[in-house]
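[1] Curious how this folds, go ahead:
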Amino acid sequence: MKQLTLEQHRARIENLRRVTEDTKKCTRDWRIHDYLPGQVTYYLGDYPALMSITPTEYDYKLLKSYAENGVGLIQVHEEWNDTIEKYGSDKWHSCDHEGMNRFIDLCHSFGLKIIPYCSSSYIHEGSKYYQERFSRSFNGCVDMHYKYRLGWAGSEYWRDFILPKTFGILDTYDFDGIYNDWGYDWDLSSMLSVPENRRNCDIEPVDCYDPEAEDLIHMIYSGVKDRGGIYKLHVGGNTRGFVRGKYYDYLWIGEGEYSVDCGKGKMYEPYVVPCPDKPRLTKHGQERFDPELFFAMTIPFVQFPLLTHGRPTMGKCIDVPGVKQYKTTDRDRLYQYFRRVRDYAEKHPDGPYVYSEWSQIPDDPDEYTVWSRYLRLYKPMVEDESVVHMEIRETAAVLSPIPETVYITQFTNTGDYIVVSNMADEPYMLETRDLWQNRETGDCGKRFEVPAKRMLFLVRREPGA
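    Reported below is the predicted structural model:
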């Protein structure tokens, strides 16, 4: 936490006392600590097509812009490695070792943290390392150029293999942590019940767990933290694992989802990073994605959406000679998605571009600008040691009724902030006891109209605030 002046200490003391006394009913309250909002997944290239990761002038300018706009974390996805071992490397080493090192150095030169994709379960069936005793089934993830089998947390052989491979990434490269795309055959797990009196009800409680999976994921989390790293986890869809305790710093949700559930994950262990799966949310291009609505459905729950960005994809990943492609006829698979990307890119070589497998075709050229605007509004509210009262349902600070379709969250530190999200089909009129200022327009008052499906950002302007 930054050093405070006497005036700031006084403001913080007064703010916290007032907000705590005012708030009669809220879904959750907690204290922000060690939080990096503003996370970007940065596309590096169309692997398994031949590609270079060595930074270009384009990368330099974009990463510099990220730093200027307050980005906290860069995440490179699976194209950083050689998952099908086409170029003599493997899933735990880069397909362009020197280029990757230079890219990491460039990120660090701008003060940006960077983490790579890895998986504690997925391994290509054709890998020189794969052994049947790693798995407990023939389950896996098959799509495009990969045919993954699932390593089982209950296999001592898999643990003996995957733990040093995972930590070896951090020992080999100067990454700031890892992103674990878990992948696990939960349907085969023999779950154990968690007695009601031992469930953590401060968050959405886990009522059963897989002891082998829990043990392995905690070992990985501990190993990353022992190395001073950041640990980001993806389980699948909007879910978390059947695991007790703290086992991630950030949880990625949203992939594979066809609709947005407002506030999903609000009772998970912090911090949740939602990724809008735009192909599915837009019915594969039948609609256009509404980023303003997505922000309104996530920010009040202390979730800042992932930006899918970086280098453009041209869809060349599906046209590599000698590389077998899987699931080529299913519309909802990546092969068909990248076929549409390729066809679009051939017709529009100068853009607008597509930046990820979770993108619209094309991505909105203004998306980064809009995302950066929201990040500038969000970051002051979540400074270290800010206290959050999430989804307030009763408070002396708000005089107007709070319908179920309206979500109000208060962020308190040396400043006092409120966000109001209106998910109704009609505008909502907010009436407050105190004087507040609209942070986007500068207007001050005690009455504010919040448009339907949109959000309002306020800062308290009473004397002493």
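[2] Quick one: residues contacting residue 245.
    Listed by CB atoms under 8 Å, 6 or more residues apart in numbering, the contact partners of residue 245 are 214, 218. For glycine as for every other residue, the C-beta is placed from the backbone atoms N, C-alpha and C.
[3] and if you look at residue 433?
    Residues near residue 433 by CB under 8 Å, 6+ apart: 396-399, 446.
[4] shaky segments in the protein?
    For the chain, residues meeting the criterion pLDDT under 70 lie at 463-465.
[5] show me where it has helices.
    Secondary structure of the chain (DSSP state H): helices at 6-22, 57-68, 97-109, 156-172, 211-226, 278-281, 291-296, 334-347, 367-378.
[6] between these, which one is nearest to residue 434?
    The minimum distance between residue 434 and those falls on helix 6-22, with 9.0 Å, by CB to CB.
[7] Check which helices and strands the closest one sits against.
    Contacting helix 6-22 under the criterion 3 or more CB pairs under 8 Å, 6 or more residues apart in numbering; DSSP states H and E are the following elements: strand 387-395, strand 406-412, strand 416-422.
[8] possible to save the ones you listed as a markdown table with distance to residue 191 and mean neighbour count?
    A markdown table is the format used below for the helices and strands packed on helix 6-22 (distance: least, CB to CB, whole Å; neighbours: other CB atoms under 10 Å):
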| stretch | distance to residue 191 | mean neighbour count |
| --- | --- | --- |
| strand 387-395 | 30 | 19 |
| strand 406-412 | 33 | 24 |
| strand 416-422 | 36 | 25 |
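[9] Quick one: closest of the ones you listed to residue 91.
    The nearest among the helices and strands packed on helix 6-22, by CB to CB, is strand 387-395 at 37.9 Å.
[10] Grab the nearest non-local neighbour of residue 149.
    In space, residue 149 comes closest to residue 140 once its chain neighbours are excluded; the distance is 4.6 Å by CB to CB, 6 or more residues apart in numbering.
[11] The one you found: neighbour count?
    Neighbourhood size, residue 140 [other CB atoms under 10 Å]: 20.
[12] That one: what's it in contact with?
    Residue 140 makes contact with 122, 125, 147-150, according to CB under 8 Å, 6+ apart.
[13] related to what we said a few turns ago, so which of the helices of the chain is the most surrounded?
    By mean neighbour count, with neighbours taken as mean count of other CB atoms under 10 Å, helix 278-281 ranks first of the helices of the chain at a mean of 21.
[14] so how far is that helix off the chain centroid?
    16 Å (CA atoms, centre = their mean, to the nearest Å).
[15] Give me the contacts around it.
    Contact with helix 278-281 is made by 256-260, 285, 287, 289, 332, 337, 357-361, as judged by CB under 8 Å, 6+ apart.
[16] Which one, of the helices and strands packed on helix 6-22, ends up nearest to residue 347?
    For these, proximity to residue 347 was assessed by CB to CB; strand 416-422 is nearest, at 38.2 Å.
[17] Let me see the backbone angles for residue 426.
    Note on residue 426: its backbone torsions stand at phi -130, psi 160 [degrees, to the nearest 10].
[18] In this structure it contacts residue 452, no?
    Yes - assessed by CB atoms under 8 Å, residue 426 is found in contact with residue 452 at 5.7 Å.
[19] Turn the helices of the chain into a markdown table, columns for distance to residue 130.
    Shown next, in a markdown table, are these (distance: least, CB to CB, whole Å):
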| stretch | distance to residue 130 |
| --- | --- |
| helix 6-22 | 55 |
| helix 57-68 | 34 |
| helix 97-109 | 22 |
| helix 156-172 | 9 |
| helix 211-226 | 18 |
| helix 278-281 | 30 |
| helix 291-296 | 38 |
| helix 334-347 | 21 |
| helix 367-378 | 38 |
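[20] Please tell me how far the spatially closest residue to residue 115 that is not a sequence neighbour sits from residue 91.
    Once flanking residues are discounted, residue 115 sits nearest to residue 177: 4.5 Å by CB to CB, 6+ apart. Distance, residue 177 to residue 91, using CB to CB, to the nearest Å: 17 Å.
[21] With residue 149 instead?
    For residue 149, the distance to residue 91 (CB to CB) stands at 12 Å.
[22] what touches both of these two?
    Counting by CB under 8 Å, 6+ apart, the shared contacts of residue 149 and residue 91 are 122-124.
[23] Of those residues, which is the most crowded?
    Neighbour max across those (other CB under 10 Å) = residue 123, 26 neighbours.
[24] coming back round to it: closest to residue 9 among the contacts of residue 433?
    Of the contacts of residue 433, the one sitting nearest to residue 9 (CB to CB) turns out to be residue 397, at 22.1 Å.
[25] Am I right that that closest one is in contact with residue 435?
    No - taking CB under 8 Å as the definition, residue 397 is not a contact partner of residue 435, at 11.3 Å.
[26] Please say which of the two ends up with more neighbours.
    residue 397 (20 against 13).
[27] quick one: contacts for the residue nearest to that one when sequence neighbours are not counted?
    Of all residues not flanking residue 397 in the chain, residue 22 sits nearest, at 4.7 Å (CB to CB, 6+ apart). Residues in contact with residue 22 (CB under 8 Å, 6+ apart) are 395-397.
[28] how far away is residue 22 from residue 429?
    20 Å.
[29] would you list the shared contacts of residue 149 and residue 91 in TSV and tack on distance to residue 203?
    Shown next, in TSV, are the shared contacts of residue 149 and residue 91 (distance: CB to CB, whole Å):
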residue	distance to residue 203
122	27
123	31
124	35
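[30] any idea which of those residues is the one closest to residue 185?
    Among the shared contacts of residue 149 and residue 91, and counting by CB to CB, the member closest to residue 185 is residue 122, at 11.4 Å.
[31] That closest one: what's its closest spatial neighbour, skipping adjacent residues?
    Closest residue to residue 122 apart from its sequence neighbours, by CB to CB, 6+ apart: residue 148 at 4.2 Å.
[32] What of residue 47?
    Nearest one to residue 47, counting by CB to CB, 6+ apart, is residue 79 at 3.9 Å.
[33] That neighbour: what's it in contact with?
    43-47, 51, 95, 317.
[34] what's the answer for residue 12, then?
    Taking CB under 8 Å, 6+ apart, we find residue 12 in contact with 4, 412-414.
[35] Next, count neighbours for the nearest residue to residue 324 once chain neighbours are set aside.
    The shortest distance from residue 324 to any non-neighbouring residue, by CB to CB, 6+ apart, is to residue 145 (7.1 Å). When neighbours are counted by other CB under 10 Å, residue 145 registers 21.
[36] now do the one 4 residues further on
    By other CB under 10 Å, 23 other residues sit near residue 149.
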